[in-house]
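Asker: what follows is a protein structure lacking sequence information:
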């Protein structure tokens, strides 16, 4: 997709750095004659409060975490592709008259306040992608407009570059997911698919049609919502509840584990309701081709029974995405079990690592 800062110059290998509110994930992918190969993947926890609703609250702490992650992975390549989501970035479909690209950019700059909650476009990085002719008016075209406040974007860039890592491309989470999806799955020209990425604090919901994002919504609910609800039920600290959420109750028999999983699934209902509401909104207001399949990613996607619940709620086939369906990995450093375990959480990082300098 898009490069909000226009930083890319040449097509060279980059490192995907997915900065979430609970962890930072690093992925590096080799482009070989035999196809893409995952060279390395690693993640490190991020202390609570460093990222708040997509905005960076503590730059120095993020810098320190990224340095530790690089030390752990021993990664030699330095050029970074990272991404934004949540309140820090806005993705909106608009219609404009048929104009040359340069004229469109100027018109968008002038008229952006009609579509975006920014008073001064000088404070904003923006980019756009032409989706094609508007289906209701052939004299106008549909455009996907992406915008992010410069101060938020630059806070991430500064934190990463203070770790000694130049930022080559600033992407958007849902676009990174689209990159990863299209590399691993084959679709017919008119297919529409939805991607639902449930992160720690944000759930990204996007619909892809004819190779373009035609709908995008970020919901401020995620894995932390489930952990906080579990903490309220069990007592103890957030960290203890998070461990139980991931590992299950200690010393439990099969019946206790089954009961716990059923209870955990019930705690995802607020997220499930937002997914259903978003898909219904797309169908009724945005219109267009119906969705053939929903792909889930993010750690919460692994919650037992969630895939079936989403499928029932939205009335369509649903599966957990596999970033390594066509991307192989180094068998000397990773096992099939490890690949299976990281698939759902590695989706954004893999999409970022597939980008190359010079991409648009």
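Answerer: Perfect, I can see it now. Remember, it's a predicted structure, so these values are computed and weren't measured experimentally.
Asker: and the helices in the stretch 201-350 of the chain, which stretches?
Answerer: Ranges of helices within the stretch 201-350 of the chain are 223-234, 238-247, 254-267, 269-281, 306-314, 336-353, based on DSSP state H, counting those that start in this stretch.
Asker: any idea which of these gets closest to residue 119?
Answerer: Closest to residue 119 of the helices of the stretch 201-350 of the chain is helix 269-281 (Cβ to Cβ; 27.2 Å). For every residue, glycine as well, the C-beta is placed using N, CA and C.
Asker: now that closest one and helix 306-314, what's the angle there?
Answerer: With axes from the mean of the first three to the mean of the last three Cα atoms, to 10 degrees as the criterion, the two stretches helix 269-281 and helix 306-314 enclose an angle of 40 degrees.
Asker: packing partners of helix 269-281?
Answerer: Using 3 or more Cβ pairs under 8 Å, 6 or more residues apart in numbering; DSSP states H and E as the contact definition, the elements that helix 269-281 packs against are strand 192-198, strand 203-209, strand 212-219, helix 223-234, helix 306-314.
Asker: how far out from the middle of the chain is the third one?
Answerer: The gap between where strand 212-219 is centred and where its chain is centred comes out at 11 Å by Cα atoms, centre = their mean, to the nearest Å.
Asker: related to what we said a few turns ago, looking at the helices of the stretch 201-350 of the chain, which is buried most?
Answerer: With neighbours taken as mean count of other Cβ atoms under 10 Å, those reach their highest mean count in helix 336-353, at a mean of 22.
Asker: show me what contacts the residue of the chain positioned farthest from its centre?
Answerer: What lies farthest from the middle of the chain is residue 253; by Cα atoms, centre = their mean that is 35.8 Å. Not one residue lies near residue 253 by Cβ atoms under 8 Å, 6 or more residues apart in numbering.
Asker: OK, contacts around the most centrally placed residue in the chain?
Answerer: What sits nearest the mean C-alpha location of the chain, by Cα atoms, centre = their mean, is residue 173, with 3.1 Å. Contact analysis of residue 173 by Cβ under 8 Å, 6+ apart lists 18, 83, 84, 85, 197, 199, 202, 204, 348.
Asker: min pLDDT across those residues, which one?
Answerer: For the contacts of residue 173, the least confidently modelled position is residue 85, at 82, judged by pLDDT.
Asker: my guess is it meets residue 172, correct?
Answerer: Yes. Using Cβ atoms under 8 Å as the test, residue 85 is close enough to residue 172 to be in contact (6.7 Å).
Asker: and the strands in the stretch 1-150 of the chain?
Answerer: Secondary structure of the stretch 1-150 of the chain (DSSP state E, counting those that start in this stretch): strands at 15-19, 23-32, 35-45, 51-52, 55-56, 80-84, 89-97, 124-133, 140-149.
Asker: got a markdown table for those strands, with mean neighbour count and distance to residue 248 too?
Answerer: Shown next, in a markdown table, are those (neighbours: other Cβ atoms under 10 Å; distance: least, Cβ to Cβ, whole Å):
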| stretch | mean neighbour count | distance to residue 248 |
| --- | --- | --- |
| strand 15-19 | 26 | 26 |
| strand 23-32 | 20 | 20 |
| strand 35-45 | 18 | 19 |
| strand 51-52 | 20 | 27 |
| strand 55-56 | 19 | 33 |
| strand 80-84 | 26 | 31 |
| strand 89-97 | 18 | 35 |
| strand 124-133 | 17 | 43 |
| strand 140-149 | 20 | 39 |
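Asker: residue 244 is nearest to which of those?
Answerer: strand 35-45 (16.1 Å).
Asker: now the angle from the closest one to strand 23-32?
Answerer: Going by the same axes, to 10 degrees, strand 35-45 makes 170 degrees with strand 23-32.
Asker: partner strands of strand 35-45, parallel or antiparallel?
Answerer: Strand pairing for strand 35-45, determined by DSSP bridges: strand 23-32 (antiparallel), strand 328-329 (parallel).
Asker: quick one: that strand to helix 336-353, angle?
Answerer: 100 degrees.
Asker: can you add distance to residue 262 and mean pLDDT and give the strands paired with strand 35-45 back as TSV?
Answerer: Rendered in TSV, the data for these read as follows (distance: least, Cβ to Cβ, whole Å; pLDDT from 0 to 100):
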stretch	distance to residue 262	mean pLDDT
strand 23-32	27	94
strand 328-329	34	92
